[in-house]
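Chemist: Test case, fold it:
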Amino acid sequence: MSRTGKSFEIGGLVIPVTAAFTLRQRIESVGGRNPLRFANGASLRQIAWQKLRVTLSGDGWIPLAIDALDFGATMNLKCGLPAALRNASGVITLPTTRRTDTGYTPYARAHLPTGDVQTAVALVGNVATCTTVAGAISYTVSYYPELTVWADPPAQDFDGAGAATSWELVLDQA
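Modeler: Next comes the predicted model:
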């Protein structure tokens, strides 16, 4: 078995590939959003706050084994799978909440009517500038999120017949 993506880290513990052969990452926005209606039926969306929720899950040969972490305190999550931003110009401001350690450099793709091609990307601070590709209709820059999160202990399953474990970890941005 092989895994796409890279290692993720939670609370200073690097999770070995043997605990996450199949790593899945879901990032969603959660927050205080509420549509308001006026007397004439028109609407206005009020947003009081917005944070991210990351759900990580995987399967492996060994347990996740993060029970010793302090789940009563915030911890640092370094994602092992990328998130991405896209626009037509190829100049994209990346979030400051991203990994900057070796091996987790943002990368870019140019989207053409006939398919995608990799293109170089230059970073100055948080601004990523993609190298222009003739005929490109948009550009995507992928980066690896790094967030301060609250977490509960993971849900874990063990299959004795297959000698495999599976787990799910839900983390909310602090």
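Chemist: any idea how far residue 147 is from residue 78?
Modeler: The spacing between residue 78 and residue 147, counted by C-beta to C-beta, to the nearest Å, is 9 Å. In this view, the C-beta of every residue, glycine as well, is placed from N, C-alpha and C.
Chemist: joint contacts of those two?
Modeler: Residues touching both residue 78 and residue 147 by C-beta atoms under 8 Å, 6 or more residues apart in numbering: none at all.
Chemist: Looking at the protein, which strand is longest?
Modeler: Using DSSP state E to assign secondary structure, the strand with the most residues in the chain is strand 43-60.
Chemist: Report the buried residues of that one.
Modeler: In terms of neighbour count (16 or more other C-beta atoms under 10 Å), strand 43-60 has its buried residues at 52, 54, 56, 57, 58, 59, 60.
Chemist: correct me, but the first one touches residue 30?
Modeler: So that's residue 52. Yes. Residue 52 sits in contact with residue 30 when judged by C-beta atoms under 8 Å, with a separation of 7.2 Å.
Chemist: shared neighbours of these two, which are they?
Modeler: With contacts taken as C-beta under 8 Å, 6+ apart, the residues that reach both residue 52 and residue 30 are residue 172.
Chemist: Any figure for the gap between the closest residue to residue 151 other than its chain neighbours and residue 129?
Modeler: Leaving out its chain neighbours, the residue that sits closest to residue 151 by C-beta to C-beta, 6 or more residues apart in numbering is residue 171, at 4.6 Å. Summarising the geometry, the distance separating residue 171 from residue 129, computed by C-beta to C-beta, is 31 Å.
Chemist: Comparing these two, which residue is more hemmed in?
Modeler: Neighbour comparison, residue 171 and residue 129: the larger count goes to residue 171, with 23 against 17 (by other C-beta atoms under 10 Å).
Chemist: Give me the contact list for the longest strand of the chain.
Modeler: With contact meaning C-beta under 8 Å, 6+ apart, strand 43-60 is reached by 8, 16-38, 64, 77, 79, 145, 147, 149, 164-173.
Chemist: Can I get it in CSV? Just the C-alpha atoms.
Modeler: The C-alpha trace of strand 43-60 is given here as CSV (Å, rounded to 0.1, in the frame of the first residue of the first chain):
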residue,chain,number,x,y,z
SER,A,43,-32.2,39.0,2.7
LEU,A,44,-28.9,40.0,4.3
ARG,A,45,-26.3,37.5,5.5
GLN,A,46,-24.8,38.4,8.8
ILE,A,47,-21.5,36.7,9.6
ALA,A,48,-20.4,37.1,13.2
TRP,A,49,-17.4,34.8,13.1
GLN,A,50,-15.9,32.1,11.0
LYS,A,51,-13.4,29.3,11.7
LEU,A,52,-12.2,26.0,10.1
ARG,A,53,-13.0,22.5,11.1
VAL,A,54,-10.6,19.8,9.9
THR,A,55,-11.7,16.1,9.9
LEU,A,56,-8.8,13.7,9.4
SER,A,57,-9.4,10.0,9.0
GLY,A,58,-7.3,7.1,8.0
ASP,A,59,-6.5,3.4,8.0
GLY,A,60,-3.3,1.6,8.9
